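Participant: sequence below, structure please.
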Amino acid sequence: MPRIEDYALIGDTQTAALVSKTGSIDWLCVPRFDSGACFAALLGDERNGRWRIAPVDPASQVRRRYRRNTLVLETEFTTAVGRVRVIDFMPPRERTPDIVRIVEGLEGSVPMRMDLVLRFDYGSVVPWVRRDDEALHAVAGPDAVVLRTAVPTRGEDLTTVATFTIAAGQRERFVLSWHPSHEPAPQAIDPDESLEDTASWWTEWSDRCAYSGPWRDAVQQSLIVLKALTYGPTGGIVAAPTTSLPEQIGGVRNWDYRYCWLRDATFTLYALLISGHHDEATAWRDWLMRAVAGDPAKLQVMYGVAGERRLPESTVDWLAGFQQSAPVRVGNAAVAQFQLDIYGEVLDVLYQSARAGVPTRADTWDVQKVVLDFVERVWREPDEGIWEVRGPRQHFTHSKVMAWVAFDRAVKTAERLGLDGAVDRWRSTRDEIHRDVCARAVDPTRGCFTQAYGSTRLDASVLMIPLVGFLPAEDARVQATVRAIEHELLHDGFVLRYRTERVEDGLPPGEGTFLACTAWLADTYALLGRLDEAEALFERLLSVRNDVGLLAEEYDPIAKQQLGNFPQAFSHVGLVNTAFNLTPQHPAPAEERQKA
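Facilitator: Numbers count the residues shown, from 1 in each chain. Below you'll find the model as predicted:
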């Protein structure tokens, strides 16, 4: 049974696919992220969908890597009779996505087999397949794919199969293209030219990276992942390209992350911004303005990649889930939640964008003022918080702190840029929130910040208090919070979000450690001057990346495996920002070290 970390990502900033170490593509998201995807099986569930190209005989050794500073994946199989490489990539295109797979002989002569199992609508539909002189076509409902290859194919048990032998110096090429079924198949592309064009496209983008510290390779790889999670046509940024990969094997905390969370997008955008990628900031800002049009005060927690608002949650009961972790969910009911923190995160990233030189639009400031009016009315109300609990609303400490951030950044934006606004009132509200948090969110016995007002439970999200500039790291309450988290939430060198068995979050307990929270603790250590501990914790985070540098949302230090949707923007954002904070010439802004 494959593990989550056995997969690598390929993508074209419109589409994403996951490729296993065995040469099998087991998950593909097509441009309509709410659609059924072409390969609908969850990872490793071969009953539903896959596209595997691998040696017939088991390989004695499998090595893989990305071409430097690209998302071109190379998997090398060594067998008893030779060595072969499979090159996987998705060339950036205007509309219809392609997956290109090039099989290249390196040594000897290796028998190979291709198995293409096409299942649409999350594994529930077997498409109608036909051939013409040039390609194999599969159609069902709104989806169609076309397979082009010079290798002869045949049908076996609702599977398209090809067997061939690849000798040293030979190449065989396979191109699978998706298109709307009511439109003609896209024009054929040249796989070899596309390979060079794709590598050049990614290299040119990566070369803009402003980071030059000791972890440059790790930072570059994470930035490439974040770029791959942007949706090029609109500027939206998805949290992950997958749904329902579990936070605990066999558990029910399985969510659909193929949407644009405002929180995740702002974190991602901040990492891209400090890395020198400003075009993404402008595109996301414009996406945001379109998404919130109508009543900007009623921001949703998340949207579709084009700004879609209706994302109803349902379960796909015919899929067993990754390693029998059900249910499999499509859509996300958290879209209807009230999460106070998102307003602070949005205003903060717009402030940081302006500071970085991203041109300011007049309507952006108008929207921010309307949002501030709304937050001024509602900040005293309980909410579902950063972790989207499905239990009762609470006065979450992190949410209140981020409401403070909203007014703090608004004051700074108006003062720095000379913009109009109720600055005195915003300053007064900011100070009121600060007093409220300090009075109601501190455990009187331990002197630390807790998850919610009146609670004694801990939550790693309060590590953001010094990172956003709410209080200095040297404050006694912050230091007490760090000690309490070290004692209760630090698990074998990684940080839990909170103790699920002690919190009423509406779900059964059980999940892995949260990798972004681990990065936050490293950042806090750095602010406290505990640089050796910060670097050691960061190196521990780096050590759990898979062989091609990818991170899921969580990690199980006992089973030593990644958990949750994959790859996860939140985790890679933490990696990028912590690398900047631990590199002297690249610290985040001293006054607002948010998401750093």
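Participant: compute the first-to-last residue distance for stretch 500-515.
Facilitator: Its start and end residues considered, stretch 500-515 measures 16 Å (CA to CA, to the nearest Å).
Participant: report the buried residues of the longest helix along the chain.
Facilitator: The residue-count maximum for a helix in the chain (DSSP state H) belongs to helix 397-417. Across helix 397-417, burial judged by 16 or more other CB atoms under 10 Å covers 397-414. In short, each C-beta sits where N, CA and C put it, glycine included.
Participant: poorly predicted segments of this structure, please.
Facilitator: Within the chain, the segments meeting pLDDT under 70 span 30-48, 502-505, 585-596.
Participant: with just CA atoms, put whichever strand or helix holds residue 536 into CSV.
Facilitator: Here residue 536 is covered by helix 531-543, with elements defined by DSSP states H and E. Listed next in CSV are the C-alpha coordinates belonging to helix 531-543 (Å, rounded to 0.1, in the frame of the first residue of the first chain):
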residue,chain,number,x,y,z
LEU,A,531,18.8,30.3,17.3
ASP,A,532,20.4,26.9,17.8
GLU,A,533,17.0,25.5,18.8
ALA,A,534,15.2,27.3,16.0
GLU,A,535,17.6,25.9,13.4
ALA,A,536,17.5,22.3,14.9
LEU,A,537,13.7,22.4,14.8
PHE,A,538,13.8,23.7,11.2
GLU,A,539,16.2,21.0,10.2
ARG,A,540,13.8,18.5,11.7
LEU,A,541,11.0,19.9,9.5
LEU,A,542,13.2,19.6,6.5
SER,A,543,14.0,16.0,7.3
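Participant: hmm, who's touching whichever helix or strand comes after it?
Facilitator: Counting by DSSP H and E, the next helix or strand C-terminal to helix 531-543 is strand 554-556. Residues outside strand 554-556 that contact it (CB atoms under 8 Å, 6 or more residues apart in numbering) are 247-249, 494, 511-515, 544, 561-564.
Participant: just how off-centre is strand 554-556 within its chain?
Facilitator: 15 Å (CA atoms, centre = their mean, to the nearest Å).
Participant: what pairs with it, parallel or antiparallel?
Facilitator: Here strand 554-556 has these sheet partners by DSSP bridges: strand 513-514 (antiparallel), strand 561-563 (antiparallel).
Participant: just those strands: most buried one?
Facilitator: Greatest average neighbour count among the strands paired with strand 554-556 goes to strand 513-514 (a mean of 26), per mean count of other CB atoms under 10 Å.
Participant: and the contacts of that strand?
Facilitator: With CB under 8 Å, 6+ apart as the test, strand 513-514 has contacts from 460, 491, 492, 494, 495, 496, 497, 553, 554, 555, 556, 557.
Participant: could these go into a markdown table alongside neighbour count and distance to residue 172?
Facilitator: Shown next, in a markdown table, are the contacts of strand 513-514 (neighbours: other CB atoms under 10 Å; distance: CB to CB, whole Å):
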| residue | neighbour count | distance to residue 172 |
| --- | --- | --- |
| 460 | 25 | 49 |
| 491 | 16 | 47 |
| 492 | 11 | 45 |
| 494 | 22 | 43 |
| 495 | 23 | 47 |
| 496 | 21 | 48 |
| 497 | 23 | 47 |
| 553 | 27 | 37 |
| 554 | 31 | 39 |
| 555 | 27 | 38 |
| 556 | 19 | 39 |
| 557 | 14 | 42 |
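Participant: what is the nearest of those to residue 305?
Facilitator: Nearest to residue 305 among the contacts of strand 513-514 is residue 553, at 19.4 Å by CB to CB.
Participant: spit out the contact partners of that closest one.
Facilitator: The contact partners of residue 553, taken as CB under 8 Å, 6+ apart, are 240, 247, 514, 515, 516, 563, 564, 565, 566, 568, 570, 571.
Participant: now it: closest residue in space, sequence neighbours ignored.
Facilitator: Counting by CB to CB, 6 or more residues apart in numbering, residue 553 lies nearest to residue 564, which is 3.1 Å off, once chain neighbours are set aside.
Participant: all helices of the protein, in order?
Facilitator: 191-206, 216-228, 262-274, 278-291, 341-355, 362-378, 397-417, 423-440, 464-467, 476-488, 515-527, 531-543, 569-581.
Participant: returning to that earlier point: nearest to residue 528, out of the strands paired with strand 554-556?
Facilitator: Per CB to CB, nearest to residue 528 of the strands paired with strand 554-556: strand 513-514, 20.5 Å.
Participant: chain center to the closest one: distance?
Facilitator: Strand 513-514 sits 15 Å away from the centroid of its parent chain (CA atoms, centre = their mean).
Participant: with stretch 561-572 instead?
Facilitator: Centroid displacement of stretch 561-572 relative to its chain, using CA atoms, centre = their mean, is 7 Å.
Participant: phi, psi for the closest residue to residue 365 other than its chain neighbours please.
Facilitator: Closest residue to residue 365 apart from its sequence neighbours, by CB to CB, 6+ apart: residue 419 at 5.5 Å. Backbone torsions of residue 419, given as degrees, to the nearest 10, read phi -90, psi 160.
Participant: neighbours of residue 419, how many?
Facilitator: 17 (other CB atoms under 10 Å).
Participant: among the contacts of residue 553, name the buried ones.
Facilitator: Using 16+ other CB under 10 Å as the burial test, the contacts of residue 553 include 240, 247, 514, 515, 516, 563, 564, 565, 566, 568, 570, 571 as buried.
Participant: need the residues you listed in TSV with distance to residue 274, can you?
Facilitator: Formatted as TSV, the buried ones among the contacts of residue 553 follow (distance: CB to CB, whole Å):
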residue	distance to residue 274
240	22
247	29
514	22
515	19
516	16
563	28
564	25
565	24
566	24
568	19
570	16
571	17
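Participant: for residue 219, state which of those is nearest.
Facilitator: Comparing those against residue 219 with CB to CB places residue 571 closest, at 13.3 Å.
Participant: now do the contacts for the closest one.
Facilitator: Residues near residue 571 by CB under 8 Å, 6+ apart: 515, 516, 519, 551, 552, 553.
Participant: which of those lies closest to residue 345?
Facilitator: Nearest to residue 345 among those, counting by CB to CB, is residue 516 at 13.4 Å.
Participant: quick check, that closest one in contact with residue 570.
Facilitator: Yes - using CB atoms under 8 Å, residue 516 is in contact with residue 570, at 4.4 Å.
Participant: of the buried ones among the contacts of residue 553, closest to residue 23?
Facilitator: Nearest to residue 23 among the buried ones among the contacts of residue 553 is residue 566, at 18.1 Å by CB to CB.
Participant: now for the residue nearest to residue 124 when sequence neighbours are not counted: which residues touch it?
Facilitator: Distances taken as CB to CB, 6+ apart put residue 318 closest to residue 124, at 6.1 Å, once the chain neighbours are dropped. Contacts for residue 318 were tallied using CB under 8 Å, 6+ apart; they are 122, 123, 124.
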